[in-house]
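A.B. asks: just coords:
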């Protein structure tokens, strides 16, 4: 991974230099240096419960360009390095799967949740171009969803530093939204994506007690998972010590209607030493020796949703049996009824050619249901089953 890490370091230096030159380079550089000096701790995570003066000050600065540049300087190279490393492993084991997705659709769509600083997208696109790009004629389109509108311009500027998106923002979409609200734009972005990326997304969700936070994260993961379409990939990289593993299938990571493409239960990722040396040389004149992340503890899992099985009559009949004891009893009697000639034999033969609606109607008429009640029950059951399979 030495070559990729070196590329990533050079890439972010170019992107940060470009951001610094927006409007007033000297003033921007001065503000970033002041920020890095004022907040020497390389962690940019905020303790929402803290009321110290310094934390309030940092919170106020989150809307500024100097904060976003400092955040990328401290975090993006290491995060992109980790994503690239694990995505490259995923590609080695499943290159045919991703190639097929790209070929089949012509355009490979990536959706990054909570990725205002698009560290995951940068790594995914770089690996795709390095491993498959020369063999593929199709485009890559990316959608980044973040709650903070301030990241829009920064995100687009960074992504346009990638060769694939140079001077072309038509393939980049930024949606300012709270993912947990699951508005129309967010829902559509997840549904249309072939790769849905959540990198340090769940661990950084704030608010509520520990129990409330866990339940909130669990519900959000389940909703995102339900929106991911058959054949598409859910890519999750996060901290192993913040309860995130428990919300996504536990230790086994087994989830219904999907299979695991790649799983790394725990990894202490560290950037390549040559890349770290380059990082220090590139930034020394800009930020002196301000602290930044060179390693991170994480876990990684990627799932591919499987095709939804066809809806057969047995699916509907099973739902009806679970809800209506009379119907279950009727079918049970039919199975245990001894084979006889005459009318019983003819009735059994005709049932073999009936669909689930006809079978239900015939049996419930026998137990005294009227036509309207039968019709209403069929309508409600069909709607319920179809909604479940559309998720």
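C.D. replies: Yep, it's here. For clarity, every value in this text was computed on a predicted model and none was experimentally measured.
A.B. asks: shaky segments in the stretch 101-250 of the chain?
C.D. replies: Low-confidence segments of the stretch 101-250 of the chain (pLDDT under 70): 207-209.
A.B. asks: Okay, now the unreliable bits of the stretch 251-391 of the chain?
C.D. replies: 308-310, 335-353, 389-391.
A.B. asks: Now do the strands in the stretch 151-300 of the chain.
C.D. replies: Counting by DSSP state E, counting those that start in this stretch, the segments of the stretch 151-300 of the chain that form strands are 172-176, 195-199, 233-238, 258-270, 295-305.
A.B. asks: now the last one, how far from the centre of its chain.
C.D. replies: Here the centre of strand 295-305 is set off from its chain's centre by 11 Å, with Cα atoms, centre = their mean, to the nearest Å.
A.B. asks: so where's the longest helix in this protein?
C.D. replies: helix 65-105 (DSSP state H).
A.B. asks: and the helix or strand residue 11 falls within, what's its mean pLDDT?
C.D. replies: Element membership for residue 11, per DSSP states H and E: helix 2-20. With pLDDT averaged residue by residue, helix 2-20 scores 96.
A.B. asks: quick check: angle from the next helix or strand after it to helix 2-20?
C.D. replies: Going down the chain from helix 2-20, the next helix or strand is helix 25-38, by DSSP H and E. Counting by axes from the mean of the first three to the mean of the last three Cα atoms, to 10 degrees, helix 25-38 lies at 120 degrees to helix 2-20.
A.B. asks: ok, residues contacting helix 25-38?
C.D. replies: 19-22, 57, 61, 64-67, 69-70, 73, 286-288, 290-291 (Cβ atoms under 8 Å, 6 or more residues apart in numbering). Glycine gets a C-beta too; all of them are placed from N, C-alpha and C.
A.B. asks: hmm, try it at 6 Å
C.D. replies: Here helix 25-38 makes contact (Cβ atoms under 6 Å, 6 or more residues apart in numbering) with 20, 66, 69-70, 287, 290.
A.B. asks: and the helix or strand following the longest helix of the chain, what other elements does it pack with?
C.D. replies: The helix or strand immediately downstream of helix 65-105 is strand 107-113, counting by DSSP H and E. For strand 107-113, the elements it packs on are helix 119-131, strand 139-146, helix 184-192, strand 195-199, judged by 3 or more Cβ pairs under 6 Å, 6 or more residues apart in numbering; DSSP states H and E.
A.B. asks: Direction included, what does strand 107-113 pair up with?
C.D. replies: strand 139-146 (parallel), strand 195-199 (parallel) (DSSP bridges).
A.B. asks: ranking these by burial, who's on top?
C.D. replies: strand 195-199 (a mean of 26; mean count of other Cβ atoms under 10 Å).
A.B. asks: all helices for the stretch 251-391 of the chain, in order.
C.D. replies: 273-287, 313-323, 325-336, 342-351, 356-366, 371-390 (DSSP state H, counting those that start in this stretch).
A.B. asks: Adding distance to residue 195 and mean neighbour count as columns, could you present these in TSV?
C.D. replies: What follows is these, written out as TSV (distance: least, Cβ to Cβ, whole Å; neighbours: other Cβ atoms under 10 Å):
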stretch	distance to residue 195	mean neighbour count
helix 273-287	25	16
helix 313-323	30	15
helix 325-336	43	13
helix 342-351	47	11
helix 356-366	37	17
helix 371-390	21	13
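A.B. asks: so which of those helices gets nearest residue 202?
C.D. replies: helix 371-390 (24.8 Å; Cβ to Cβ).
A.B. asks: How about residues contacting that closest one?
C.D. replies: 308, 316, 319-320, 357, 361, 364.
A.B. asks: How far does it sit from its chain's centre?
C.D. replies: That offset, for helix 371-390, works out to 32 Å (Cα atoms, centre = their mean).
A.B. asks: do the same with stretch 244-258
C.D. replies: 14 Å.
A.B. asks: coming back round to it: of all the strands of the stretch 151-300 of the chain, which one is nearest residue 278?
C.D. replies: Judging the strands of the stretch 151-300 of the chain by Cβ to Cβ, what sits closest to residue 278 is strand 258-270, at 14.8 Å.
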